[in-house]
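**Q** Provided below for reference: sequence and predicted model.
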Amino acid sequence: DGGITQSPKYLFRKEGQNVTLSCEQNLNHDAMYWYRQDPGQGLRLIYYSQIVNDFQKGDIAEGYSVSREKKESFPLTVTSAQKNPTAFYLCASSATSGTGQPQHFGDGTRLSIL
Amino acid sequence: QKEVEQNSGPLSVPEGAIASLNCTYSDRGSQSFFWYRQYSGKSPELIMFIYSNGDKEDGRFTAQLNKASQYVSLLIRDSQPSDSATYLCAVKNSGGSNYKLTFGKGTLLTVNP
């Protein structure tokens, strides 16, 4: 089945540690996105990529890094510089041609601080 | 700063009633508009998208768009308890070649049996 797979579902980070969240899609979408969701805050864009080997900062990129070496994969690293990482992280993808171009989401990763 | 505004709710309706969810946006050049449903603890799922003025119907759901008023709404007819969720409005930004969406904070809908 086509879709977006995020792993792990739950992740715990120790102070000073970098952690990487995985996102893989088999929808053949060119564009991929990372969002952070906090209670009452809606979805905030961290990074996005419209093509392999290229990505742009979103609204809250500080303390995060990404790579896009393959079309199917867009991992997000939460670095130790992100002082408040506890949130629900959502990966999405979309086509870049045609009308609408809705984004489709994975099931998310919940990150907490130990 | 491009903004999307929604009433946070909660919006409470009885089973079988029509639920009306509203959204306004600040970017006058926006072209595509999306409604997502998010159950508690789950990820958003796409319900509908609309890009032409007027109404678009899909089953019990109707999206309405008025670009002159910068207003988009979602009507849910014959509301069911399973419709209880947070509804997110999202708007595709105008300009450039990016495909970013700006999301509202969502409206919590509760359908009472």
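**A** All right, it came through fine. Numbering: from 1, shown residues only, chains lettered A, B, ... in the order given.

**Q** the residue of chain B found nearest chain A: what's it in contact with?
**A** Proximity to chain A, evaluated over chain B using CB to the nearest CB, is greatest for residue B:105 at 3.8 Å. Backbone N, C-alpha and C define where each C-beta goes, glycine included. For residue B:105, the contact set (CB atoms under 8 Å, 6 or more residues apart in numbering or on different chains) comprises A:40, A:41, A:42, B:6, B:8.

**Q** ok, residue A:109 next?
**A** Contacts of residue A:109 (CB under 8 Å, 6+ apart): A:6, A:7, A:8, A:9, A:10, A:11, A:21, A:88, A:89.

**Q** report the buried members of these.
**A** Buried members of these, counted by 16 or more other CB atoms under 10 Å in any protein chain shown: A:6, A:11, A:21, A:88, A:89.

**Q** now the contacts of residue B:105 in JSON lines, with neighbour count, distance to residue B:67 and secondary structure?
**A** Shown next, in JSON lines, are the contacts of residue B:105 (neighbours: other CB atoms under 10 Å in any protein chain shown; distance: CB to CB, whole Å; DSSP: H, G, I helix; E, B strand; the rest coil):
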{"residue": "A:40", "neighbour count": "8", "distance to residue B:67": "29", "secondary structure": "coil"}
{"residue": "A:41", "neighbour count": "12", "distance to residue B:67": "27", "secondary structure": "coil"}
{"residue": "A:42", "neighbour count": "21", "distance to residue B:67": "22", "secondary structure": "strand"}
{"residue": "B:6", "neighbour count": "22", "distance to residue B:67": "18", "secondary structure": "strand"}
{"residue": "B:8", "neighbour count": "14", "distance to residue B:67": "24", "secondary structure": "coil"}
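
**Q** report the contact partners of the one residue in chain A that gets nearest to chain B.
**A** Relative to chain B, the nearest point of chain A is residue A:42 (3.8 Å; CB to the nearest CB). Taking CB under 8 Å, 6+ apart, we find residue A:42 in contact with B:88, B:103, B:104, B:105, B:106.

**Q** excluding its backbone neighbours, what's nearest the second one?
**A** So the one you mean is residue B:103. Distance criterion CB to CB, 6 or more residues apart in numbering or on different chains; nearest residue to residue B:103, sequence neighbours excluded, is residue A:43 at 4.3 Å.
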